[in-house]
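[1] Here is a sequence with its predicted model. Questions after.
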Amino acid sequence: MNTSTPRIFIAATRQNDGKTTTSLGLIAALQQYFPRVGYIKPVGQRFVEIEEQKIDEDTVLMDAVYSLGCPLVDMSPIAVEPDFTRKYLLSSNNDALVKKIIKAFDRVSWEKDFVLCEGSGHAGVGSVFDLSNARIAKILQAKVVLVSQGGIGKPIDELALNQALFEKEGVEVIGVILNKVLGEKVDYITDFARRGLKRKGLELLGVLPYEQVLSNPSVDLIQEELGAEALNKPPGMQELVADVVVGAMGAQNAIPFFKKGVLLITPGDREDIILAAGAMTNPNSPDKMAGIVLTGGLLPGASVLKAIQAMPIPVFLARADSYQVASKVHNLIVKTRPGEAQKISIIRNLVASHINVKRIVESL
């Protein structure tokens with residue numbers, strides 16, 4: 001295996017703590033030190049099918065943003081399908097999986113100055129098939145940066161647990177990045193978290209302030225997650241949803257809610273609200289609503305459908321009722337997608353401004 005190319009392994013204390021956000025920003029920051037940065041996510045759990053290959057969606061994002069010049073299948077060598085664990089437990093094939101990861105890393109690191117390796121959760125994720133993040137970091141001979149959500153007590157407790165498993169595998173933890181810290185608490189959290197981490201032999205590498213826009217889903221993500229049918233084809237599918245309004249009131253009372261970034265959820269037979277939303281939406285205004293989801297599988301009448309076709313905002317039809325749709329949107333796990341240029345720019349700036357990348361480089 002290639003042991004000469006510098007590398008780090010990004011892990012987290014739990015899922016959705018900010019590994020991908022951190023990795024996305026770090027690649028840009030590391031390019032100031034290493035012009036040719038490679039990327040690999042050895043084990044992926046959320047994937048898409050591309051040319052009959054199952055590719056982790058974070059790998060697709062990194063390649064789309066940075067044009068990494070490496071086959072996707074090498075950057076995402078193992079996809080954990082629904083029956084992956086059952087098959088493994090019936091017929092263990094750990095050696096084959098390890099060889100697959102090593103070969104993929106060798107190809108990813110070819111002619112690269114640095115490789116960023118992204119894990120798939122906390123240190124123990126993957127233990128059931130003998131490929132925990134701690135074990136993979138050891139296989140790749142990579143030092144680790146741990147990402148955790150902002151705070152002091154709970155994050156440090158969880159970081160200590162993860163640190164112990166990495167140390168059991170003989171893997172060094174370079175330091176810690178705290179994510180999603182409220183702006184007014186950044187200085188306070190930085191001070192006391194650094195003190196607490198130092199007692200555990202861990203270094204605080206940075207604190208990323210919370211940015212609401214990074215948690216806002218795009219309209220096309222909502223359509224995808226709802227499995228909703230598009231009733232028109234306007235531009236703006238990448239618009240971000242900042243607020244959700246359930247149209248269960250009269251049209252006149254609903255009008256004040258038709259603001260920028262609002263997703264209106266209303267039954268398909270509430271033609272008064274649908275027409276009011278259309279009438280209040282100026283196609284040339286930057287303050288348009290994000291979109292409308294009609295629920296209950298109820299199609300409005302022909303004249304309203306014709307009006308929908310002319311609306312400058314996306315309108316979808318979902319089979320679920322309004323409560324179910326609103327709950328699903330509220331509980332949506334928001335991942336940055338390749339076309340979300342605004343989010344990607346914010347992430348790059350956050351990492352460049354708030355993470356001590358120089359210290360990471362020096363530790364290698």
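    Ah, there it is.

[2] who touches residue 21 in this structure?
    By CB atoms under 8 Å, 6 or more residues apart in numbering, the contact set of residue 21 is 179, 208, 214, 336, 347. The way it works is simple: take the backbone N, C-alpha and C, and place the C-beta from them, glycine included.

[3] Now do the same contact list for the fourth one.
    Translated: residue 336. 20-21, 24, 61, 214, 343-344, 347.

[4] make it 6 Å
    Under the criterion of CB atoms under 6 Å, 6 or more residues apart in numbering, the neighbours of residue 336 are residue 343.

[5] ditto for residue 132
    By CB under 6 Å, 6+ apart, the neighbours of residue 132 are 124, 126.

[6] Residue 149 versus that one, what's the distance?
    Look at residue 132 and residue 149: by CB to CB, to the nearest Å, they are 21 Å apart.

[7] for residue 38, same thing?
    28 Å.

[8] Then residue 220?
    Distance from residue 220 to residue 149, by CB to CB: 27 Å.

[9] can you give me the helices in the stretch 251-364 of the chain?
    For the stretch 251-364 of the chain, applying DSSP state H, counting those that start in this stretch gives helices covering 251-254, 271-279, 302-310, 322-330, 341-354, 357-363.

[10] Select, out of these, the one closest to residue 143.
    Closest to residue 143 of the helices of the stretch 251-364 of the chain, according to CB to CB: helix 357-363, at 6.6 Å.

[11] could you give the mean pLDDT of that closest one?
    The pLDDT scores in helix 357-363 average 97.

[12] What lies in contact with that helix?
    So helix 357-363 is contacted by 29, 33, 174 (CB under 6 Å, 6+ apart).

[13] Please type out the PyMOL selection for whichever of the residues you listed turn out to be buried.
    The buried residues among the contacts of helix 357-363 can be selected in PyMOL (16 or more other CB atoms under 10 Å) with this line:
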select buried, resi 29+33+174
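
[14] Closest to residue 164 out of the contacts of helix 357-363?
    Looking across those and measuring by CB to CB, the closest to residue 164 is residue 174, at 16.0 Å.

[15] so that closest one touches residue 145, yeah?
    Yes: with contact defined as CB atoms under 6 Å, residue 174 counts as touching residue 145 (5.4 Å).

[16] which outside residues touch the helix or strand where residue 190 lies?
    Applying DSSP states H and E as the criterion places residue 190 in helix 186-199. For helix 186-199, the surrounding residues in contact (CB under 6 Å, 6+ apart) are 150, 152, 156, 176, 178, 181, 204, 207, 209.

[17] redo that, cut-off 10 Å
    With contact meaning CB atoms under 10 Å, 6 or more residues apart in numbering, helix 186-199 is reached by 146, 148, 150-153, 155-157, 159-160, 163, 175-176, 178, 181-182, 202-210, 354.

[18] Filter these down to the ones in helices?
    Mapping the contacts of helix 186-199 onto helices (DSSP state H) picks out 153, 155-157, 159-160, 163, 354.

[19] Tell me the buried residues within those.
    155-156, 159-160, 163, 354.

[20] want to throw these into CSV with pLDDT and distance to residue 99?
    Output for these, formatted as CSV (pLDDT from 0 to 100; distance: CB to CB, whole Å):
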residue, pLDDT, distance to residue 99
155, 96, 36
156, 97, 37
159, 97, 32
160, 97, 33
163, 98, 29
354, 97, 38
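
[21] Quickly check these for the two that are furthest apart.
    The distance between the two most remote of these (CB to CB) is 23.0 Å, for 160 and 354.

[22] Near the residue lying closest to residue 273 once chain neighbours are set aside, how many other residues are there?
    Of all residues not flanking residue 273 in the chain, residue 247 sits nearest, at 4.4 Å (CB to CB, 6 or more residues apart in numbering). Counted with other CB atoms under 10 Å, residues neighbouring residue 247 total 25.

[23] Check residue 247 and give its pLDDT.
    Reported pLDDT for residue 247: 93.

[24] ok, now how distant is it from residue 329?
    When residue 247 is compared with residue 329 (using CB to CB), they lie 14 Å apart.

[25] Which parts of the stretch 151-300 of the chain are strands?
    173-181, 204-209, 229-230, 243-246, 262-267, 291-295 (DSSP state E, counting those that start in this stretch).

[26] Report the buried residues of the fourth one.
    Spelled out, that is strand 243-246. 244-246.

[27] Residue 352 and residue 28 touch, don't they?
    Yes: the pair residue 352 / residue 28 is scored as a contact, 7.1 Å apart, by CB atoms under 10 Å.

[28] one step back: which of the buried ones among the ones in helices among the contacts of helix 186-199 sits closest to residue 261?
    So of these, ranked by how close each gets to residue 261 (CB to CB), first place is residue 354, at 25.6 Å.

[29] OK, contacts around that closest one?
    25, 177-179, 181, 186, 190, 205-209.

[30] just residue 155 next, same as before
    For residue 155, counting by CB under 10 Å, 6+ apart, the contacting residues are 13-14, 17, 146-149, 176, 178-179, 181, 189, 193, 196-197.

[31] Tell me the confidence at the residue of the chain most remote from its centre?
    No residue in the chain sits farther from the centre than residue 303, which is 40.0 Å out by CA atoms, centre = their mean. We have a pLDDT of 96 for residue 303.

[32] pretty sure it is in contact with residue 275, am I right?
    Yes: Residue 303 is within contact range of residue 275, at 9.1 Å (criterion: CB under 10 Å).

[33] Buried only: go through the contacts of residue 155 for me.
    Using 16+ other CB under 10 Å, the buried members of those are 13, 17, 146-149, 176, 178-179, 181, 189, 193, 196-197.
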